[in-house]
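>>> Task: produce atomic coordinates for the following.
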Amino acid sequence: MLLDRVIQAFNSEFAPLNTRLVGGYDEPFYLAGPPSEIRFREDFVRSALHEVAHWCVAGAERRKQDDFGYWYCPDGRDQAQQQAFEQVEIRPQAIEAEFCQALGIPFSPSQDNLNGDVSPDPAFSHAINALRQAWHADQAKPPARAIQFISRLRQIQ
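Here you go, the predicted model:
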């Protein structure tokens with residue numbers, strides 16, 4: 001099963017960083033350690049990839065805090081809250097898209113706001129794609145851990 005291979009790849013690749021990828025949870029959560037756990041929803045490979053993307057973005061100080069110390073407003077956000085959410089999600093979702101590409105699985109941006117009264121903003125998808133294009137054109141670089149995991153994911157397809 002693809003998810004099992006993703007988990008095994010992450011856990012072996014990043015064992016020296018004392019961080020594990022663990023599924024089966026009702027909600028995703030980063031539990032700062034040591035050891036640290038990246039917990040993802042149920043058995044959803046996209047949830048696993050998304051949470052790993054957040055871990056790749058988080059710097060050393062953020063990784064010392066549960067859930068990286070990030071702000072999170074749950075589903076049901078208004079327009080202003082949704083715009084704030086999307087601004088902090090551009091990098092993680094661009095990384096997640098790269099992970100999906102490495103595995104050969106589809107990616108679509110997640111607005112994570114099923115109960116909100118906010119229409120999807122095409123600018124969010126555009127920003128994700130623009131960042132990925134900058135990476136591919138060597139105008140910017142994704143985080144080193146993301147590059148490392150992309151390489152590993154390409155080996156398990």
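>>> and the helix or strand of the chain with the lowest mean pLDDT, which residues are buried?
None of the helices or strands of the chain scores lower by mean pLDDT, DSSP states H and E than helix 79-103, at a mean of 91. Burial within helix 79-103, assessed by neighbour count using 16 or more other CB atoms under 10 Å, is assigned to 81-82, 85-86, 89-100, 102-103. Any C-beta I mention is one placed from the backbone N, CA and C, and that applies to glycine too.
>>> Check the offset of it from the chain's centre.
Distance of helix 79-103 from the chain centroid (CA atoms, centre = their mean, to the nearest Å) equals 7 Å.
>>> Give me the helices and strands touching it, please.
Using 3 or more CB pairs under 8 Å, 6 or more residues apart in numbering; DSSP states H and E, the elements in contact with helix 79-103 are helix 45-57, helix 122-136, helix 144-156.
>>> could those go into TSV alongside distance to Arg77 and mean neighbour count?
Shown next, in TSV, are the helices and strands packed on helix 79-103 (distance: least, CB to CB, whole Å; neighbours: other CB atoms under 10 Å):
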stretch	distance to Arg77	mean neighbour count
helix 45-57	17	23
helix 122-136	13	15
helix 144-156	26	16
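>>> Quick one: the ones you listed as CSV, columns for mean pLDDT too.
What follows is the helices and strands packed on helix 79-103, written out as CSV (pLDDT from 0 to 100):
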stretch, mean pLDDT
helix 45-57, 97
helix 122-136, 95
helix 144-156, 97
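>>> closest one to Val22 among those?
Nearest to Val22 among the helices and strands packed on helix 79-103 is helix 45-57 (9.2 Å), distances taken as CB to CB.
>>> what is the orientation angle of that closest one with helix 144-156?
150 degrees (axes from the mean of the first three to the mean of the last three CA atoms, to 10 degrees).
>>> So what touches helix 45-57?
Helix 45-57 is contacted from outside by 2-3, 6-7, 10, 19, 21, 23, 28, 30, 38-41, 63, 68, 70, 91-93, 95-96, 99-100, 103, 105, 107, 110, 142-143, 145-146, 149, using CB atoms under 8 Å, 6 or more residues apart in numbering.
>>> same thing but 7 Å
Residues from elsewhere that reach helix 45-57 (CB atoms under 7 Å, 6 or more residues apart in numbering): 2-3, 6-7, 10, 19, 21, 23, 28, 30, 38, 40-41, 68, 91-92, 95-96, 99-100, 143, 145-146, 149.
>>> Thank you kindly, that will do.
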